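**Student:** here is my input; please provide its structure:
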Amino acid sequence: MTLQEVLSALEDDQDDVLGIYIEPPESNVLSDEDSAEEDGGGFIDNLSGRQLRAGAEILVSTQRGECESDGLETSDKRSKDYAALQNFRNLNITAAEMKVFLGILILSGYNNVPSKRDYWDSSGDLPMFRPEEHLDFDECMIEYFGRHPCKQFLRGKPIRFGYKVWSLNTTAGYLVNFDVYQGRNPASNSEYEKMVGKCAAPLLQMLDEIPQEKKNLAYKLYFDNLFTGFELLKELRSRGYGATGTIRENRIPKDCPIMPSKEIRNKQRGFYDKCLSEEDSILLVKWVDNSTVRVATTCHSIQPVAPVWRFSRAEMRNVRIPRPSVISEYNRYMGGTDRMDENVSYYRIGIRGKKWWWCIFT
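**Tutor:** Numbers count the residues shown, from 1 in each chain. Here you go, the predicted model:
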């Protein structure tokens, strides 16, 4: 549409016009004269022929309510037509419902949550620790590439550089307590370190910090072979807590009448051996899977032995092998810290900082 056509269309009604935007006129014409007096300016009659032939756009104001109403009614009608085309009957959509739907789309654009179901979750965050029977103690890494004496390097981990943190979690990933590894910690308990080692001592300190009304509950703790030892299991049992963890071969007492790992690894897959220390009430189990699995516990037993599916390379098919109950319970409740890392990755804070402590909070 040229400017001349726009002006002709606006001769009768100019009340709603906010402005007219003119494209640059043709530059090939050397001279052109307008039809108005040369002393005047800023009027339509002072426009040259080139300007009248140039393209133009008109900006017209409309009532906002009428525009929204017409758009929603059109969307309502088109939705009903499409539903009839797809054989959906009795689709009653109102303009108010369409407005709510559009609002949900806009809200989901700047409020990101891990899944669509979380948009309808009305439960709030936990204001405090609610006691759960099963707790998981493990280490986690906070990624950090700067310079700091506490930065660690763990080969073979998903996060190799950063701060190492001892974490006490529930099975759902709720962080109960944590302690950043600092090497020589001035707040460490030397008695705990001599009794259970430097790695397991933070666990006893975290249990001491649980409120008194929640400390005397019968918790069941799970940890890996970095922390498990007979002294730790006996100490937790004396406090009224159950404990289960994988254990290293060199931490098993030499007088324990259980089949050595060199002999049990040659057994058929699914074979297990057990040993019970009646004095300490510690059950030690060795089970043959892809490799030998060693577990020590004070709260679980062998029975019931349930079958589990494994792939056999010799037979080239899935086979069922027996698995003791203590192995199943350990696999079920051990992943609390990994679940916490997953939850943190969903709600990662995007603001960056250069301070060494910033990554711990974000």
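**Student:** ok, then the element right after the helix or strand bottoming out on mean pLDDT in the chain?
**Tutor:** Every helix and strand of the chain was ranked by mean pLDDT, DSSP states H and E. The lowest is helix 64-85, at a mean of 68. Sequence order places helix 95-110 as the next helix or strand after helix 64-85, per DSSP states H and E.
**Student:** pull out the buried positions in that next one.
**Tutor:** Residues of helix 95-110 classed as buried: M98 (neighbour count, 16 or more other C-beta atoms under 10 Å). All C-beta atoms are positioned from the backbone trio N, CA, C, and that covers glycine.
**Student:** next structured bit after that helix?
**Tutor:** Using DSSP H and E, the first helix or strand after helix 95-110 is strand 134-143.
**Student:** which strands and helices sit next to that following strand?
**Tutor:** Applying 3 or more C-beta pairs under 8 Å, 6 or more residues apart in numbering; DSSP states H and E, we find strand 134-143 packed against strand 161-170, strand 220-223, helix 336-346, helix 358-361.
**Student:** SS state for Y21?
**Tutor:** strand (DSSP: H, G, I helix; E, B strand; the rest coil).
**Student:** tell me who's in contact with it.
**Tutor:** Listed by C-beta atoms under 8 Å, 6 or more residues apart in numbering, the contact set of Y21 reads 56-59.
**Student:** coming back round to it: which of the helices and strands packed on strand 134-143 sits most buried?
**Tutor:** strand 220-223 (a mean of 24; mean count of other C-beta atoms under 10 Å).
**Student:** quick one: K267 and V288 touch, right?
**Tutor:** Yes - using C-beta atoms under 8 Å, K267 is in contact with V288, at 5.3 Å.
**Student:** between the two, which has more neighbouring residues?
**Tutor:** V288 (19 against 15; other C-beta atoms under 10 Å).
**Student:** end-to-end on stretch 201-215?
**Tutor:** Across stretch 201-215, the terminal residues are separated by 17 Å (C-alpha to C-alpha, to the nearest Å).
**Student:** what pLDDT, on average, does it get?
**Tutor:** Mean pLDDT, stretch 201-215: 90.
**Student:** let me see the domain layout of this protein.
**Tutor:** 3-60, 64-120, 133-217+336-362, 225-333 (automatic domain parsing).
**Student:** comparing those domains, which gets the lowest mean pLDDT score?
**Tutor:** Taking the mean pLDDT of the domains of the chain, domain 3-60 comes last: a mean of 66.
**Student:** tell me the contacts of the closest residue to S79 other than its chain neighbours?
**Tutor:** Once flanking residues are discounted, S79 sits nearest to I93: 5.3 Å by C-beta to C-beta, 6 or more residues apart in numbering. Contact analysis of I93 by C-beta under 8 Å, 6+ apart lists 76, 79-80.
**Student:** I am finished for the moment; much appreciated.
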